[in-house]
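Chemist: Provided below are the primary sequence and the corresponding predicted coordinates.
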Amino acid sequence: MGRSISSGRVTVLGCGGSGGVPLIGNYWGLCDPHNPRNLRTRSSIHIMLDGFFSLQIDTGTDFRAQINRETLTYIDSVFFTHAHSDHVNGIDDLRYMAMITQKIIPVYGHAATIDEIRGRFLYLFEHKEKLYKPLLTSHAWEDNAYNQPQIHATDDINFTFTPIHQIHGNTFSIGYRFGNFAYSTDVSDFPLESLNALKGIDTWLVDCGQYGQDFIEVHPNLERVMEWNDIVGAKRVILTHLPVKADYNAMSASLPNHFEPAHDGQIIEINFAPQS
Ligand SMILES: [Zn+2]
């Protein structure tokens with residue numbers, strides 16, 4: 001087990017809904033096309049831990065373009081939130097990353113997520129004709145890991161994180177807490193234990209996919225997020241997975257004080273002080 005990680009730099013790779021902003025066909029909805037902060041790729045984050053360990057959360061439809069935009073040149077581990085297309089469909093580009101860096105990339109997630117990803121992209125993990133070497137390995141979190149601090153350890157590093165159990169419509173997803181920060185995308189509700197496991201964070205990057213709308217069976221609206229944060233108590237709430245109805249400036253002007261819309265390329269500094 002390598003050295004303990006104490007800090008991280010989160011980059012919001014994308015903060016758009018499943019179709020991005022604008023939607024295909026250059027459909028901007030209520031978003032001002034002239035404001036670059038309304039240009040949103042599919043939701044994903046990257047965390048550079050202590051300046052060298054490169055942790056990727058999800059590999060969505062825009063993954064390759066996001067990594068190139070941020071000039072990231074390697075990825076050490078990938079954590080998945082769930083297996084929906086907007087969070088997974090860029091995974092094929094991990095092949096090239098593994099080939100260029102000559103390092104097999106381990107991917108992690110809930111057992112059901114890993115099963116589904118392997119089912120759809122088995123060639124990345126085992127090649128039937130044995131013409132190519134597998135370039136990824138897959139690993140499922142233990143069933144009892146959820147809402148409990150876990151240690152992620154490699155030869156180089158170790159850090160504590162908490163996989164958070166989340167409800168996402170008629171399925172579920174996994175959020176991730178890292179020290180004083182948590183990323184909770186694609187969530188329609190939380191079991192109370194999950195909200196309790198988020199208590200003590202300073203910054204919360206959280207789904208608000210139904211901003212300004214009433215249908216909150218799959219993604220929450222602002223009112224829902226505010227109810228959750230009454231329990232979680234984050235001092236800074238950054239809203240992500242934003243739809244074409246969420247114009248950046250209009251949102252910024254109307255949100256409560258410690259709330260803000262995310263934007264692609266946004267940087268959030270985090271630290272790994274002991275979790276409360
Ligand atoms: Zn999504």
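Modeler: Perfect, I can see it now.
Chemist: which parts of the stretch 151-276 of the chain sit against the ion?
Modeler: D186 (Cβ under 5 Å from the ion). All C-beta spots, glycine's among them, are computed from the backbone N, C-alpha and C.
Chemist: give me the residue from the stretch 151-276 of the chain nearest the ion.
Modeler: D186 (4.5 Å; Cβ to the ion).
Chemist: can you list the low-confidence ranges for the protein?
Modeler: Within the chain, the stretches with pLDDT under 70 are 1, 129-130, 274-276.
Chemist: which residues in it form helices?
Modeler: Using DSSP state H, the helices of the chain run over 63-69, 85-88, 94-101, 111-120, 192-198, 222-232, 248-254.
Chemist: the shortest one vs the ion: in contact?
Modeler: Yes - contact check for helix 85-88 against the ion, using Cβ under 5 Å from the ion: residues in range are D86.
Chemist: same check on the fourth one?
Modeler: No - for a cut-off given as Cβ under 5 Å from the ion, helix 111-120 has no contacts with the ion; the smallest distance is 12.9 Å.
Chemist: how far out from the middle of the chain is that helix?
Modeler: 17 Å (Cα atoms, centre = their mean, to the nearest Å).
Chemist: list the contacts of it.
Modeler: With Cβ atoms under 8 Å, 6 or more residues apart in numbering as the test, helix 111-120 has contacts from 80-83, 88, 91, 107-109, 125, 138-141, 143, 174.
Chemist: over to the fifth one?
Modeler: When contacts are defined by Cβ under 8 Å, 6+ apart, helix 192-198 is touched by residues 146-148, 162, 164-166, 175, 177, 182, 184, 190, 204, 228, 231-232, 234.
Chemist: please identify the buried residues of stretch 230-237?
Modeler: In terms of neighbour count (16 or more other Cβ atoms under 10 Å), stretch 230-237 has its buried residues at V232, A234, V237.
Chemist: make JSON lines out of those residues and add distance to C208.
Modeler: Formatted as JSON lines, these follow (distance: Cβ to Cβ, whole Å):
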{"residue": "V232", "distance to C208": "14"}
{"residue": "A234", "distance to C208": "13"}
{"residue": "V237", "distance to C208": "9"}
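Chemist: quick one, what contacts H110?
Modeler: Contact analysis of H110 by Cβ under 8 Å, 6+ apart lists F80, H82, A140, W141, P163, F172, I174.
Chemist: if anything else comes up later, I'll come back, but that's it for now.
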